[in-house]
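K.L.:
Need a 3D model of the following:
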Amino acid sequence: MATKIKVQFLGAAGTVTGSKYYIETRDFRLLVDCGLFQGLKELRQANWEDLTIPVEKLDYVLLTHGHLDHTGYLPRLVQQGFKGDILGTSPSLAIARIILMDTAKIQEEEAEEANREHYSKHDPALPLYTEKDAQKAIELFKSVQEDEWIQLAENIRFRLKSAGHILGACFIELEINEKTLLFSGDLGRKDDLLLSPPQNPQWADYLFLESTYGNKLHPKEEVEEILVRNIKEIIDNRGILLMASFAVERLQLLSYILWKLFKKNRIPDIPVYIDSPMGIDVTRLFEKFPGSHMIPLTELKAIKNHFELVSSYRRTWEIIDEQRPRIVIAGSGMLTGGRILTYLKQFIDIPSTRIILTGFQAEGTRGRQLEEGAYEIKIRDKYYPVNAKIEKIESLSAHADQAELIEWCRNIKNIPEEVFLIHGERQVTDAFRVKLESEFNWNIKIPSLKDIVEL
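P.N.:
Residues are numbered from 1 along each chain as shown. Next up is the predicted model:
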């Protein structure tokens, strides 16, 4: 009699954040991804809760990629007794290392500020985890090669195949007792300036499919035209262009596009500041892993020489005080933290300011509020009126849209026994379910947080 496989959805079920999937057999336990919740307060509060699984008995964590919503809970997992191996590609682990240390540092700084300014309801305010906690998780990292089967236990093995989402991102084929559980992770685009398209899947007895844009097609935007227009407007009005960017992949892509515009003489030589210490660290990884992306090293070096890479917070304030038109690329991409908030506090109430959102804005984030036309936003217990012009560029998304997800699924040679739609907001996954059922007539489920299924 075949061993039952239990799967519990501990994150990214009915929401796009906090990816965590617990897989258990009679004598084996692992997590696929271990992400932090972002956005809505009730989700963020869940980051403080211990998991309801036997964490100390977990054998492995398998990572699809390094983003915070897939790796950011790892220090909390270690706090709860995890001592196993954390497996991912070398680029994914390098990105996760940067993100975990940066997140820990921000957590500590925000707790310190909250205690100093007395704006927290908690006394004292504490960080979710510290840099020391993050380092303990990083010590458990072990890299694995793409396309190579790794034996985890008797009758249990997995391999990683490129997903084209960010540097090192993969989907996971997990074989348990000759059944294949296929976790898509976050799938990238077919035509991406930085990365090769996702590899094709072959077989899935059980498919765990992301659905971030399961109800949408990315628009065919003229990204260069949008940037040129906004840059002309800030020059005419002596304003500032703030580009809210994810530090991984999006910041490098925006830098590359701006550099190409300069080279083609489509925009004048005005100052461009890349104000993201984490983004600068990730850009160095593009130099370290040249085989994992498509930007020539000569172009990377030219970008670093032409744009100013800002590390010090003092320099941030000098840029704020400048009176000339300028472009700032800063994190975070959803305006949940980072240097972009310092700029927003100074410029969001000024009509000459241009703000460009460059990626998915999760429910409950400041980015989503601006996208939906908020007239004011709250930053650290204070409200700021929104007089700046806000624009969203959707076509730069690193996530596959509905058509690209369906095309990826067409490569699966068998009919999956069950398909679980994950990593999407509820109305999105439901629309995607209807579309998939009409395309494939598959047995599709939409799990909720903490649901348990037996396969």
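
K.L.:
Contact partners for the closest residue to Glu287 other than its chain neighbours?
P.N.:
Counting by C-beta to C-beta, 6 or more residues apart in numbering, Glu287 lies nearest to Leu300, which is 5.8 Å off, once chain neighbours are set aside. Quick note: C-beta positions are derived from backbone N, CA and C, even for glycine. Leu300 sits next to 283, 286-287 when contact means C-beta atoms under 8 Å, 6 or more residues apart in numbering.

K.L.:
which among these gets closest to Gln8?
P.N.:
In terms of C-beta to C-beta, no member of those lies closer to Gln8 than Phe286, at 35.8 Å.

K.L.:
mind checking how far the residue positioned nearest the centre of the chain is from Gln402?
P.N.:
Residue closest to the mean C-alpha point of the chain, counted by C-alpha atoms, centre = their mean, is His67 at 4.2 Å. Applying C-beta to C-beta, to the nearest Å, the value for His67 to Gln402 is 21 Å.

K.L.:
for the residue lying closest to Arg159 once chain neighbours are set aside, what are its contacts?
P.N.:
Computed as C-beta to C-beta, 6+ apart, the closest residue to Arg159 that is not its neighbour in sequence is Trp149, at 4.8 Å. Trp149 sits next to 157-159 when contact means C-beta under 8 Å, 6+ apart.

K.L.:
List the ones among these that fall in strands.
P.N.:
Among these, the members falling in strands (DSSP state E) are 157-159.

K.L.:
ok, which stretches of the stretch 251-400 of the chain are strands?
P.N.:
272-275, 308-309, 326-330, 354-357, 376-379, 382-385, 389-392 (DSSP state E, counting those that start in this stretch).

K.L.:
ok, now the stretch 51-200 of the chain?
P.N.:
Using DSSP E, counting those that start in this stretch, the strands found in the stretch 51-200 of the chain span residues 60-62, 85-88, 141-143, 150-153, 156-162, 170-176, 179-183.

K.L.:
who's in contact with the second one?
P.N.:
Looking back up the chat, that one is strand 85-88. With contact meaning C-beta under 8 Å, 6+ apart, strand 85-88 is reached by 34, 59-66, 74, 93, 96, 137, 140-144, 150, 160, 168, 170.

K.L.:
what's the answer for stretch 200-212, then?
P.N.:
7, 16, 21, 32, 161, 171, 173, 179-187, 360, 399, 405, 408-409, 411-414, 416-424, 428-429, 432, 455.

K.L.:
Select from the residues you listed every entry located in helices.
P.N.:
The helices, defined by DSSP state H, take in 405, 408-409, 428-429, 432 from those.

K.L.:
Considering these, which possesses the most neighbours?
P.N.:
Sorting the ones in helices among the contacts of stretch 200-212 by how many neighbours each has (other C-beta atoms under 10 Å) puts Thr429 first, at 28 neighbours.

K.L.:
Hmm, Gly214 and it touching each other?
P.N.:
Yes - using C-beta atoms under 8 Å, Thr429 makes contact with Gly214 at a distance of 6.1 Å.

K.L.:
thinking again about what came up before, tell me the pLDDT at the residue nearest to Arg159?
P.N.:
Listed pLDDT for Trp149 reads 98.

K.L.:
now it: how far from Ile156?
P.N.:
For Trp149, the distance to Ile156 equals 11 Å [C-beta to C-beta].

K.L.:
Now do the contacts for Glu365.
P.N.:
Just to correct that, residue 365 is Thr rather than Glu. Thr365 neighbours (C-beta under 8 Å, 6+ apart): 38-39, 334-336.

K.L.:
try Gln346
P.N.:
Contacts of Gln346 by C-beta under 8 Å, 6+ apart are Ile320.

K.L.:
how close does it get to Asn237?
P.N.:
16 Å.
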